[in-house]
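[1] Okay, sequence plus prediction incoming.
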Amino acid sequence: MAAILPCGTRLHLQHGPIDLIIGADGARDEAFAAARSRFATVLQELVSELPFLRRALQSDRRGPNGTVAQRMTRAVLPHCRTFVTPMAAVAGAVADEVLAAMTDCAAVSRAYVNNGGDIALYLAPGHSFVTAIAGLDGRSNGQLTVRASDGIGGIATSGSGGRSLSMGIADAVTVLAKDAASADVAATLIANAVDLPDHPAIHRVPAHERDPDSDLKNHLITNGCEHLSLPEIHDALQNGRIVAQNMIRQGLIMSACLFLRGETCHAGMSHLVPLPGDMENA
């Protein structure tokens, strides 16, 4: 499906599980035409390489053929010492691919591709992008402003409130990185780390019990979490922030904002996340 939304300035593309909302300032018609053209075969390309993309990545494995699959693999490769498959970057990589098609073919000053909350972003010098961070109840957790000079090309969110399964208990983790695929896999892994291992209030089941097709297979995922004390919430957030800080030191991401049970902490470029009541900034 391809349709201009009622606002007249955004394009909606949908095929199977991929659902994109696209915006562009400048040569919008040309950018939207390029997005439609590139999107037409994305799902077919991914399906053709699913067996590879659903296996844990190893640095010595031969890479995939498709350009979206290659984006996924590049984003996941720096994290391959932990369990992760290229599917952890699929939403961001699709957004990156469609955005690249737009910017290659059209003169735009600002453009974005939002794939279920994972956003690939292009900003020409002097331009900015503002978005809200929504909580599980739909209310805003704050406003995020990205400027061209920040060098950020991807915003991604993962956690127990998303469409994917999570090994942790974070309500959400939002990550800013150089591209959406990098942000996507980082958000997944940081959200997994927001956790209290072996805590009796946290219920876990093998991933295949929730989704027989999950790339997580027999790995335990969170299936519910009962009451946690405030110190326990802060401990879980701190576990996630340590992982985020390590990624920042390695140059893999620029910023992360972590949410759990009404509490928030962040790491990295904190001026990009103006949220009241944060824990002490990293």
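    Arrived safely, thanks for sending. In this text the structure is predicted, and so the values were computed from the model without any measurement.
[2] Quick one: neighbours of Thr103, just the number.
    17 (other CB atoms under 10 Å). To be clear about C-beta, it is placed using only N, CA and C from the backbone, and glycine gets the same treatment.
[3] Please name the residues that touch the closest residue to it other than its chain neighbours.
    In this structure, Thr103 finds its nearest non-sequential neighbour in Tyr122, 5.2 Å apart by CB to CB, 6 or more residues apart in numbering. Neighbouring residues of Tyr122 by CB atoms under 8 Å, 6 or more residues apart in numbering: 99, 102-103, 108, 110-112, 153.
[4] Tyr122 is in what secondary structure piece?
    Using DSSP states H and E, Tyr122 sits in strand 118-123.
[5] In its sheet, which strands sit next to the helix or strand just after that strand, and in what direction?
    Counting by DSSP H and E, the next helix or strand C-terminal to strand 118-123 is strand 128-134. Applying DSSP bridges, strand 128-134 is found paired with strand 140-147 (antiparallel).
[6] same for the next helix or strand after the partner strand, what does it pack against?
    Under the assignment DSSP H and E, the closest C-terminal helix or strand after strand 140-147 is strand 154-158. Other elements packing on strand 154-158 under the criterion 3 or more CB pairs under 8 Å, 6 or more residues apart in numbering; DSSP states H and E are helix 90-105, strand 118-123, strand 172-177, helix 180-193.
[7] okay if I get these as CSV plus mean pLDDT and distance to Val243?
    As requested, the helices and strands packed on strand 154-158 are arranged in CSV below (pLDDT from 0 to 100; distance: least, CB to CB, whole Å):
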stretch, mean pLDDT, distance to Val243
helix 90-105, 98, 18
strand 118-123, 97, 19
strand 172-177, 94, 10
helix 180-193, 97, 4
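[8] Of all those, which one comes closest to Cys257?
    strand 172-177 (4.7 Å; CB to CB).
[9] Which residues does that closest one contact?
    Contacts with strand 172-177, where a contact means CB under 8 Å, 6+ apart, come from 133, 135-136, 141, 144, 146, 150, 152-162, 183-184, 186-187, 190-191, 194, 240, 244, 252-259, 268-269, 272-273.
[10] which intervals of this structure have sub-threshold pLDDT?
    58-61, 161-163, 270-282 (pLDDT under 70).
[11] Could you rerun that using 90?
    Scanning the chain for pLDDT under 90 picks out 55-65, 80-83, 130-145, 159-167, 204, 207-223, 262, 266, 269-282.
[12] quick one, helices of it?
    Listed in chain order, the helices of the chain (DSSP state H) span 28-39, 42-48, 50-53, 67-76, 90-105, 180-193, 207-210, 230-249.
[13] between these, which one is nearest to Asn218?
    Taking CB to CB, helix 207-210 is the member of the helices of the chain nearest to Asn218, at 6.4 Å.
[14] burial measure for the residue nearest to Ile119 when sequence neighbours are not counted, as a count.
    Leaving out its chain neighbours, the residue that sits closest to Ile119 by CB to CB, 6+ apart is Ile155, at 4.4 Å. Using other CB under 10 Å, Ile155 is surrounded by 29 other residues.
[15] Roughly how far does Ile155 sit from Val146?
    7 Å (CB to CB, to the nearest Å).
[16] Assess the claim that Ala186 and Met247 are in contact.
    Yes. Using CB atoms under 8 Å, Ala186 is in contact with Met247, at 5.6 Å.
[17] between these two, what contacts are shared?
    Residues touching both Ala186 and Met247 (CB under 8 Å, 6+ apart) are 253, 256.
[18] Thanks a lot, see you next time.
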